[in-house]
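# this one's sequence-less:
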Ligand SMILES: N[C@@H](CCC(=O)N[C@@H](CS)C(=O)NCC(=O)O)C(=O)O
């Protein structure tokens, strides 16, 4: 049997190791690349918990690893970090017909598409919640304690993954998430194509809708910059707070004055998120 994983690079950082790994994914039916940071604790034979990070529109596995500044604190806390790509890619994977950046390549929206021509490859939810954790846990010195976080489209993804899989993640948080994709332009474009015109089916992938019937009340931490140019049209975090309040679901929304949508904002507050996750994961 051939090794299912190809290590593209390995880099020492804060006493740990950052690897980029390629593999053939059955879930999305193409080669996929993900990043994994292993903290120094694994060198003592310790199996560490995993913080999954889902990036936003236009990103690959590399935006978070290069710009978030997460590794010093992850090394201190003994957390592995796994950062997948944001869509399937490669020969035969269709992208946006007009070449736009908010749909298709780099914009998988962490759903399982049902419509053609997207249904074959655009199954990022299955990839992130099933195939990738099994691969990571089967091939690296990590435990089955997991948490999930993300940014923008990836914030939506993290919330939906946690809400749809009670018990699978020990913590969840988001930066500037798209909380109500069924009701904003980015989500309407993506869901209309990936999931088809029936808006009722979109609600299965919308955190504001899912929170009402969530069987587990895992506390949600959200940071949102009030200088974020996407805040009013696409993000609307108050909609999640309203839905959570109605459902009795604990949400902490921190509006951060002057911060925009960028990784400068994420790098400012990532330490708080890692500590929030570690409190649930470690020990
Ligand atoms: N057109 C911009 C807008 C898209 C955008 O802001 N993407 C966010 C996620 S929604 C991002 O993380 N961009 C990549 C980066 O900042 O490294 C871009 O191409 O980056």
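The structure has been received and is ready for your questions. Model, not experiment: these values are computed from the prediction.
# which residue packs closest to the residue in the stretch 151-283 of the chain positioned nearest to the ligand, ignoring adjacent ones?
Proximity of the stretch 151-283 of the chain to the ligand (Cβ to the nearest ligand atom) peaks at residue 152, 3.4 Å away. For glycine as for every other residue, the C-beta is placed from the backbone atoms N, C-alpha and C. Leaving aside its chain neighbours, residue 152 sits nearest to residue 56 (3.3 Å; criterion: Cβ to Cβ, 6 or more residues apart in numbering).
# can you tell me the element that neighbour falls in?
According to DSSP states H and E, residue 56 maps onto no helix or strand at all.
# ok, it to residue 276 distance?
Computed with Cβ to Cβ, to the nearest Å, the distance linking residue 56 and residue 276 is 20 Å.
# those two: who's more crowded?
residue 56 (27 against 18; other Cβ atoms under 10 Å).
# circling back: surely the residue nearest to residue 152 touches residue 149?
No: using Cβ atoms under 8 Å, residue 56 is not in contact with residue 149, being 11.9 Å away.
# how about the residues of the stretch 51-200 of the chain by the ligand?
56-59, 63, 67, 101, 151-153 (Cβ under 6 Å from any ligand atom).
# what bits of the stretch 151-283 of the chain have low per-residue confidence?
283 (pLDDT under 70).
# now with 90?
282-283 (pLDDT under 90).
# the helices in it, which residues?
In the stretch 151-283 of the chain, the helices defined using DSSP state H, counting those that start in this stretch lie at 153-164, 185-194, 199-202, 207-210, 237-247, 263-281.
# equivalent analysis for the stretch 1-150 of the chain, please.
Going by DSSP H, counting those that start in this stretch, the stretch 1-150 of the chain shows helices at 62-67, 71-77, 124-126, 132-139.
# take those helices and lay them out in TSV including distance to residue 28, mean pLDDT and mean neighbour count.
Shown next, in TSV, are these (distance: least, Cβ to Cβ, whole Å; pLDDT from 0 to 100; neighbours: other Cβ atoms under 10 Å):
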stretch	distance to residue 28	mean pLDDT	mean neighbour count
helix 62-67	18	98	18
helix 71-77	26	98	19
helix 124-126	7	98	22
helix 132-139	10	98	16
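# quick check: the residue of the stretch 1-150 of the chain nearest the ligand.
For the stretch 1-150 of the chain, Cβ to the nearest ligand atom, closest residue to the ligand: residue 56, 2.6 Å.
# dump the residue contacts of that residue.
By Cβ atoms under 8 Å, 6 or more residues apart in numbering, residue 56 lies in contact with 86, 150-155.
# give the closest residue to residue 164 in space, chain neighbours not counted.
residue 210 (6.6 Å).
# my read is that the one you found contacts residue 166, right?
No: Residue 210 is beyond contact range of residue 166, at 10.8 Å (criterion: Cβ under 8 Å).
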